[in-house]
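Peer 1: need a 3D model of the sequence below.
(2 chains)
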Amino acid sequence: MIIIMKHNPRRSNIKRIFFNRKAISITEIMVGIALFVLAAIPSFGYLMSSVKQTAATDMENTAGVIAGSILDRILDNVEYDLVDDTLKLDQISGMTDEDGSDNNELKIKSTSFKLELEVKTIPNDQIEFGFRKTPYIKRQSSDSENADPGNDINSIKNDAKRWNTPVKLKLSQITKHKNKTFLKEIMLVIKWKDPVSGRDRTEKFTTMKANLSLVEQQGG
Amino acid sequence: MLIPMILIGMFIFIMFFFTLMRWNSSNRRMNYQDVWGRKALYLAKGGTQLALLKVSMMPTECYDALAISQLKNPYFSFKIAAERVAAGKKPVNPNPKEIDFNPGPQYLTGPGDNRDALLQDPAYVGTKEDPLSGELNVFIKAFTDDIKFAGPDTDPITGERTVPYKHGFASTKVKVLAVKGQQLYNKQTVELTVKGWVYDGMNIKREKEVTKIVEVERK
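Peer 2: Numbering: from 1, shown residues only, chains lettered A, B, ... in the order given. As a prediction, this is how the structure comes out:
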């Protein structure tokens, strides 16, 4: 069987461009390198600035991880009464500190993260608890499971006094622990110097800790 | 010869450059979102602490609100009822002279009402998107309304603070975890959800939710 290959002028053109055995002159090499460098310099500059920004947000992320570790321990493992601004935060963080000393400073990936805790105790008379008073429901004389007329949900809803009596009490009016507090607002401040830009950076994380163990052990 | 070589080189370079740029910007965005998300998460956790404090200080008010949301009479003892049913008696006992006196009604529905149907009605129990919106949830809503920041530096309506960034938290869902026919013995197991939020540097609201399961007992 004979296969006749047809001549394709376009294919032969491509062949000529890509597989031409003619040597490259030094001028061509120089022009090529110059063009490449011209394109590469601004691109590399942009790439490097982008890498720096990523490195900076990576530090932010590390600050977030530190905050998570410290705040979780404060919320779950540290007793309410012990939560104050004297807590050794690097100690309770459970993270590996490259400087190894309890100085409220965590050194991670050669960057020092300074840790500060601002704790504000909320007085009991500043905590207000509101609710709607439970409606009066008449005791029934029958052994029926359902409500008699006047005692059913529609009757209760239509009686504004039964349905909508809002009450607001201060925690100081409810609790038997007059000398105890029940709520602390916590702000964890993490500061560091960005190793690339040299800029001072700060991140703040807010949470609250309630004295739940006291209520659990001794009642409200 | 030179032009195709430069073109191929440039193409490879541009591909490499864009891949790196995309990887970088995606990393940056993830890091940024992680930090703000974490701020919202710890606000939600703080809000949960306040909610748990309120529930533990006011268990009866909380139980009553939950009972009404289920069309149950909050004063009725489901514990005595369970003991009576186990002894082959009716759950309701209106006789004050008997030791297991347990006056009705057990439920707040009239004889002609279908409790199950009412507890499926979004007008009564709210929708999936807004679970506290139903009419029967007004007591729960009143109970959870103050699960937010308070004080002079707080917006009284939204409960938001603006320092060091705009942030706040609120209770978004209180779901009674009980199945039909289960005995509850004057206790309700509830799923309590608190949402924390922050507005990031680009004023985009970042939200996180924390859910706790608590047992509420009438005392």
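
Peer 1: from the chain's centroid, how far away is the longest helix along chain A?
Peer 2: Identified as the longest helix of chain A according to DSSP state H is helix A:26-76. Averaging C-alpha positions (Cα atoms, centre = their mean, to the nearest Å) puts helix A:26-76 22 Å from its chain's average.

Peer 1: now the strands for chain A?
Peer 2: Here chain A has its strands, by DSSP state E, at A:105-108, A:111-122, A:128-132, A:166-170, A:183-193, A:200-210.

Peer 1: for the ones you listed, give me JSON lines that also has mean pLDDT.
Peer 2: Shown next, in JSON lines, are the strands of chain A (pLDDT from 0 to 100):
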{"stretch": "strand A:105-108", "mean pLDDT": "93"}
{"stretch": "strand A:111-122", "mean pLDDT": "96"}
{"stretch": "strand A:128-132", "mean pLDDT": "97"}
{"stretch": "strand A:166-170", "mean pLDDT": "96"}
{"stretch": "strand A:183-193", "mean pLDDT": "97"}
{"stretch": "strand A:200-210", "mean pLDDT": "96"}
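
Peer 1: adding mean neighbour count, write the ones you listed out as CSV.
Peer 2: The C-beta positions use only the backbone N, C-alpha and C, and glycine is treated the same way. Output for those, formatted as CSV (neighbours: other Cβ atoms under 10 Å in any protein chain shown):
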stretch, mean neighbour count
strand A:105-108, 20
strand A:111-122, 17
strand A:128-132, 19
strand A:166-170, 12
strand A:183-193, 19
strand A:200-210, 20
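
Peer 1: so which of these is nearest residue A:88?
Peer 2: In terms of Cβ to Cβ, the element of those nearest to residue A:88 is strand A:111-122, at 9.3 Å.

Peer 1: what are the boundaries of the strands in chain B?
Peer 2: So, for chain B - with DSSP E - the strands run B:167-176, B:187-199, B:205-217.

Peer 1: out of those, which gets nearest to residue A:201?
Peer 2: That would be strand B:187-199 among the strands of chain B, by Cβ to Cβ, at 17.2 Å.

Peer 1: could I get the average pLDDT for the closest one?
Peer 2: Average pLDDT, strand B:187-199: 92.

Peer 1: thinking again about what came up before, among the strands of chain A, which comes closest to chain B?
Peer 2: Among those, the nearest to chain B by Cβ to the nearest Cβ is strand A:200-210 (3.4 Å).

Peer 1: helices or strands next to the closest one in the packing?
Peer 2: helix A:26-76, strand A:183-193, helix B:2-57 (3 or more Cβ pairs under 8 Å, 6 or more residues apart in numbering or on different chains; DSSP states H and E).

Peer 1: now distance to residue A:160 too, for those, in a markdown table please.
Peer 2: Output for the helices and strands packed on strand A:200-210, formatted as a markdown table (distance: least, Cβ to Cβ, whole Å):
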| stretch | distance to residue A:160 |
| --- | --- |
| helix A:26-76 | 41 |
| strand A:183-193 | 33 |
| helix B:2-57 | 25 |
